[in-house]
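In: Sequence below, structure please.
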Amino acid sequence: MTFLEFIKTKQFWKHFIGASVAVVAFLWICLLFMDFYTLHDSKATVPDFKGLYIKDLDKFVDGHNLRYEIIDSVYNMKKEKGTVLEQEPRPGSTVKEDRTIYLTVNAMLNQQVKVPNLVNLSLRQASSLLETYGLKVGSLRYVEGLPPVIRQLYKGKDIKHGSMLDKGSAIDLVLGKGQNNGLIPVPNLFGLTLEEVRMVLAENQLILGMKLMDLTAKDTSSARVYKQFPEPSADGLYDGASINVWLTGSDEVLENEKMKNDTL
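Out: Numbering: from 1, shown residues only. Below you'll find the model as predicted:
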């Protein structure tokens, strides 16, 4: 019997149909198993992990049928140590149950930075240098001597450059008064814009303190100073001192303040 004659027989078609049914049934069973194994129809909404402490994560994920993995640790001095800062996927995302959520946490230990050498720098230079190192200026003390920084202190004791401190620590400075006790005449800022104020203060080795706006000072580029503290009549200031200003966008306010000052 030839092959063509064989495929025309009932026996061939009986075996062919049986094999086909067996293959289809096998594939259907495989698909059912895959759906069960991969939890195809089981979904979960990703909760917000941010702000949670590391010690609380195990209990937290148990109630959401999810897993977590800490993949990175960074330092952020503004956040609580050992808390979650970032997560992937984001909160509110829909994922399969038992999905792993990848977390970035805030370091448990403070980041340490080197202390720079501030001696013989001006207060402005010292402040800028400390900022680049992640440190800040603490208290200021003026003594007899030349204007630059004479000593740098941490918690009342001299600290050498190259020493390691926690990022964000404050360095206290001892500065010389210089000639005439180092006093700088208080400039008159009345009627100046914010940009002009900054220029005048920089020229006099002073800094801008608080900026207080009235309801008319919506455009800070055109608003002008109608009041300041300390006032121009006050005693001089030391290098690096700050001046607070009040700004207005109203010509009437400026005119009233001018008349008031002229009568004093």
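In: Now do the helices in this protein.
Out: Residue ranges of the helices in the chain, as given by DSSP state H, are 3-7, 10-37, 57-62, 123-132, 194-203, 251-263.
In: Quick one: closest of these to K227.
Out: Closest approach to K227 among those (C-beta to C-beta): helix 251-263, 6.5 Å. Any C-beta I mention is one placed from the backbone N, CA and C, and that applies to glycine too.
In: For that closest one, which outside residues touch it?
Out: With C-beta atoms under 8 Å, 6 or more residues apart in numbering as the test, helix 251-263 has contacts from 190-191, 214, 216, 224, 226-227, 248.
In: would you list these in a markdown table and tack on distance to D172 and neighbour count?
Out: A markdown table is the format used below for the contacts of helix 251-263 (distance: C-beta to C-beta, whole Å; neighbours: other C-beta atoms under 10 Å):
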| residue | distance to D172 | neighbour count |
| --- | --- | --- |
| F190 | 34 | 17 |
| G191 | 37 | 12 |
| D214 | 36 | 15 |
| T216 | 41 | 14 |
| R224 | 36 | 22 |
| Y226 | 35 | 23 |
| K227 | 32 | 18 |
| T248 | 37 | 21 |
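In: was I right about V95 contacting P89?
Out: Yes - here V95 reaches P89: they are 6.0 Å apart, a contact under C-beta atoms under 8 Å.
In: Per the annotation, how does this structure divide into domains?
Out: Annotated domains of the chain cover 43-106, 112-181, 183-263 [automatic domain parsing].
In: okay, and for the stretch 1-150 of the chain, where does confidence drop off?
Out: Residue ranges of the stretch 1-150 of the chain with pLDDT under 70: 1-8, 10, 12-13, 15-16, 30-42, 146-147.
In: Swap in 80 and give it another go.
Out: The stretch 1-150 of the chain contains residues with pLDDT under 80 at 1-42, 63, 124, 144-147.
In: Endpoint to endpoint, stretch 89-100 covers what distance?
Out: Stretch 89-100 has an end-to-end distance of 9 Å (criterion: C-alpha to C-alpha, to the nearest Å).
In: So which of the helices of the chain is nearest Y238?
Out: It's helix 123-132; of these, that one is closest to Y238 (C-beta to C-beta) at 8.1 Å.
In: any chance you could map the strands in the stretch 151-264 of the chain?
Out: 157-158, 164-166, 170-176, 207-213, 224-229, 242-248 (DSSP state E, counting those that start in this stretch).
In: Name the residues that touch the fifth one?
Out: Strand 224-229 is touched from outside by 189-193, 197, 243-249, 253-254, 257, with contacts defined as C-beta under 8 Å, 6+ apart.
In: hmm, 7 Å instead?
Out: With contacts defined as C-beta atoms under 7 Å, 6 or more residues apart in numbering, strand 224-229 is touched by 189-193, 197, 243-248, 253-254, 257.
In: Now do the buried residues in stretch 97-116.
Out: Neighbour counts over stretch 97-116 (16 or more other C-beta atoms under 10 Å) mark 99, 101, 103-107, 113, 115-116 as buried.
In: hang on, the earlier thing: overlap in contacts, V95 and P89.
Out: Common neighbours of V95 and P89, counting by C-beta under 7 Å, 6+ apart, are V46.
In: returning to that earlier point: tabulate the helices of the chain in TSV, adding columns for distance to G236.
Out: What follows is those, written out as TSV (distance: least, C-beta to C-beta, whole Å):
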stretch	distance to G236
helix 3-7	113
helix 10-37	80
helix 57-62	57
helix 123-132	15
helix 194-203	14
helix 251-263	20
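In: between the ones you listed, which gets nearest to G162?
Out: The nearest among the helices of the chain, by C-beta to C-beta, is helix 123-132 at 13.8 Å.
In: Can you tell me which helices and strands the closest one packs against?
Out: The contact analysis (3 or more C-beta pairs under 7 Å, 6 or more residues apart in numbering; DSSP states H and E) places helix 123-132 against strand 136-143, strand 170-176.
In: ok, now which ones touch R99?
Out: R99 neighbours (C-beta under 7 Å, 6+ apart): 44, 66.
In: same check, this time on V245
Out: Contacts of V245 were listed using C-beta under 7 Å, 6+ apart, and they are 189, 197, 211, 225, 228.
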